[in-house]
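Novice: Structure here, sequence nowhere to be found:
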Ligand code: ADP
């Protein structure tokens, strides 16, 4: 549509380096596709390793004066950015829907969520305090202060193009760190529009540099090896995170890693089944299931499993699978054909292992990478679909008989990001929470993400926390000054 074309025309096509938007030094470009149609939306600059290094040069040069900038001033930039993103909420929502596929209603939800990191960290910027105390023997004074860790490399995924950027950029700005952002090459447009908004909000040149590239490893590798870089924050898959952690060991970088998940969604016999089904729709279908927090395994007490699965399947049938720009859309396309084939492969292998398909089970014919909302029951223990992150609108249901069995099944994964538990018994909910090896727990809730809460996992789901009062700590280090008895 004309509105889409006008919006795309406002998105910078270049790399943001030291306050100016530039073409790649090689002149290379790459195309951004609409996953609902397969059509090319825009062509943008494709950074070379030299461009990446120029971005780090700019970040390193800006670090000292940025660290000395008053916390209030940094906070006010974030607050203005919050106001600007909020004023342009419809633009950001439409752009995300176009490049990523999620329905507009969800994209609007992401704008609210993503913008909130800007507001939250505008408030945290002025609260990074230290302390002054007397040593136990009374002979020295202990002065403790927080300092920015220094230039950061931020690598973001394609599934939440705005929120994954603001969740890292906002605390870095609040703490006084400069940055090189490497957005996902499938969804770079939102990051570029957001970077332009930060410039408008008054962010000084060099503080945020944005490099788009089709060669993530080739461009980020030399930065990770460069002693001027002090921090790596990554959100993406566990295999890539593992490699980045190994690379970060060379210069002993601070790291934050938000990796994969395999969230259990546990429904007890005393749960409100309708509320559990509503929670399941959110936990499974938010972002078409393309979220590290997506419920991956539905572990339901045998006495309510049939009712739960039938009601869940009935709701799945009502979804409208259509390009997200249509206001009636409730299920957008998956990000690309590779993702869709992987989802279908997991479904096919579960069916081969003996699962029953209550609804869905196949790709949607026609343009784009749509996949039917799917519920599988009688999924065999050990099926691949219970072990791997599905990243699609597919819900495998398995049953349990006792609380101990539910805990054992839920913990039976190398991941530990989030779990969802539905029960009317609060004591049971808390008891189960204490026994689950996860960084986050949704108790009678299908969504946990909140800018004011610490987001993150344990086990192979990652290291560190984003959001909450913990989020800024990832970008600060503690310095202590020992003072002789004055
Ligand atoms: P996803 O499943 O979300 O695509 P990835 O881990 O493949 O997860 O990608 C997340 C981000 O990491 C993207 O920005 C991608 O370009 C980047 N990335 C992928 N491989 C590497 C790598 N070897 N080094 C640095 N960044 C990478």
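Specialist: On my side now, so go ahead. The structure displayed is predicted, hence computed values, not measured ones. Numbers count the residues shown, from 1 in each chain.

Novice: For the residue of the stretch 351-486 of the chain found nearest the ligand, which non-adjacent residue is spatially closest?
Specialist: The nearest approach of the stretch 351-486 of the chain to the ligand comes at residue 391, 7.2 Å away (Cβ to the nearest ligand atom). C-beta here means a position set from N, CA and C on the backbone, and glycine is covered the same way. With Cβ to Cβ, 6 or more residues apart in numbering as the criterion, residue 391 has its nearest non-adjacent residue at 5.1 Å, and that residue is residue 290.

Novice: Give me the pLDDT value at the one you found.
Specialist: At residue 290, the pLDDT value in this model is 98.

Novice: who touches it in this structure?
Specialist: Listed by Cβ atoms under 8 Å, 6 or more residues apart in numbering, the contact set of residue 290 reads 159, 334-335, 339, 391-392.

Novice: Take those and keep only those in helices.
Specialist: Judged by DSSP state H, the subset of those located in helices is residue 339.

Novice: what about stretch 459-478, start to end distance?
Specialist: End-to-end distance for stretch 459-478, by Cα to Cα, to the nearest Å: 26 Å.

Novice: measure residue 293 to residue 412 for me?
Specialist: With distances taken as Cβ to Cβ, to the nearest Å, residue 293 is found 18 Å from residue 412.

Novice: Run through the residues of the stretch 51-200 of the chain sitting next to the ligand.
Specialist: Applying Cβ under 6 Å from any ligand atom, we find that the stretch 51-200 of the chain lies next to the ligand at 155-158, 182, 184-185.

Novice: just to revisit the earlier point, what are the phi and psi angles of the residue of the stretch 351-486 of the chain closest to the ligand?
Specialist: Dihedral pair for residue 391: phi 50, psi 50, per degrees, to the nearest 10.

Novice: Start the count at 30 instead of 1 going forward.
Specialist: Yep, numbering from 30; the last one is residue 420 now.

Novice: and it, how many residues sit next to it?
Specialist: Around residue 420 there are 25 other residues, counting by other Cβ atoms under 10 Å.

Novice: Surely it and residue 323 touch.
Specialist: Yes. Proximity of residue 420 to residue 323 meets the contact threshold set by Cβ atoms under 8 Å, at 7.2 Å.

Novice: where along the stretch 30-179 of the chain do the helices fall?
Specialist: Remark: helices assigned in the stretch 30-179 of the chain by DSSP state H, counting those that start in this stretch are 31-39, 78-97, 100-116, 118-129, 133-153.

Novice: Would you mind putting those into CSV with mean neighbour count, mean pLDDT and distance to residue 161 alongside?
Specialist: Listed next are those as CSV, based on neighbours: other Cβ atoms under 10 Å; pLDDT from 0 to 100; distance: least, Cβ to Cβ, whole Å:
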stretch, mean neighbour count, mean pLDDT, distance to residue 161
helix 31-39, 12, 98, 49
helix 78-97, 20, 98, 21
helix 100-116, 19, 98, 18
helix 118-129, 23, 98, 43
helix 133-153, 22, 98, 21
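
Novice: Including distance to residue 281, could those helices go into a markdown table?
Specialist: Shown next, in a markdown table, are the helices of the stretch 30-179 of the chain (distance: least, Cβ to Cβ, whole Å):
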| stretch | distance to residue 281 |
| --- | --- |
| helix 31-39 | 41 |
| helix 78-97 | 17 |
| helix 100-116 | 27 |
| helix 118-129 | 35 |
| helix 133-153 | 26 |
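
Novice: For residue 193, which of those is the nearest?
Specialist: Nearest to residue 193 among the helices of the stretch 30-179 of the chain is helix 133-153 (8.1 Å), distances taken as Cβ to Cβ.

Novice: quick one, which of the helices of the stretch 30-179 of the chain is nearest to residue 445?
Specialist: It's helix 133-153; of the helices of the stretch 30-179 of the chain, that one is closest to residue 445 (Cβ to Cβ) at 22.6 Å.

Novice: Could you figure out how far the closest one is turned away from helix 100-116?
Specialist: Interaxial angle of helix 133-153 relative to helix 100-116 (axes from the mean of the first three to the mean of the last three Cα atoms, to 10 degrees): 170 degrees.

Novice: Point out the other helices and strands that helix 133-153 packs with.
Specialist: When contacts are defined as 3 or more Cβ pairs under 8 Å, 6 or more residues apart in numbering; DSSP states H and E, helix 133-153 sits against helix 100-116, helix 118-129, helix 192-204, helix 499-502.

Novice: and those as TSV, adding distance to residue 288?
Specialist: Output for the helices and strands packed on helix 133-153, formatted as TSV (distance: least, Cβ to Cβ, whole Å):
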stretch	distance to residue 288
helix 100-116	27
helix 118-129	20
helix 192-204	13
helix 499-502	17
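
Novice: and residue 515, which of these is closest to it?
Specialist: Closest approach to residue 515 among the helices and strands packed on helix 133-153 (Cβ to Cβ): helix 100-116, 26.8 Å.

Novice: what's the angle between that closest one and helix 118-129?
Specialist: Using the same axes, to 10 degrees, helix 100-116 lies at 80 degrees relative to helix 118-129.

Novice: can you tell which of the helices of the stretch 30-179 of the chain is closest to residue 339?
Specialist: Nearest to residue 339, of all these, is helix 133-153, at 25.6 Å by Cβ to Cβ.

Novice: okay, the angle between that closest one and helix 192-204?
Specialist: Taking the same axes, to 10 degrees, helix 133-153 and helix 192-204 form an angle of 10 degrees between their directions.

Novice: distance between helix 133-153 and the chain's centre?
Specialist: Relative to the centre of its chain, helix 133-153 is centred 13 Å away, using Cα atoms, centre = their mean, to the nearest Å.

Novice: Please apply the same query to stretch 318-325.
Specialist: Stretch 318-325 sits 11 Å away from the centroid of its parent chain (Cα atoms, centre = their mean).

Novice: With that, I have no additional questions.
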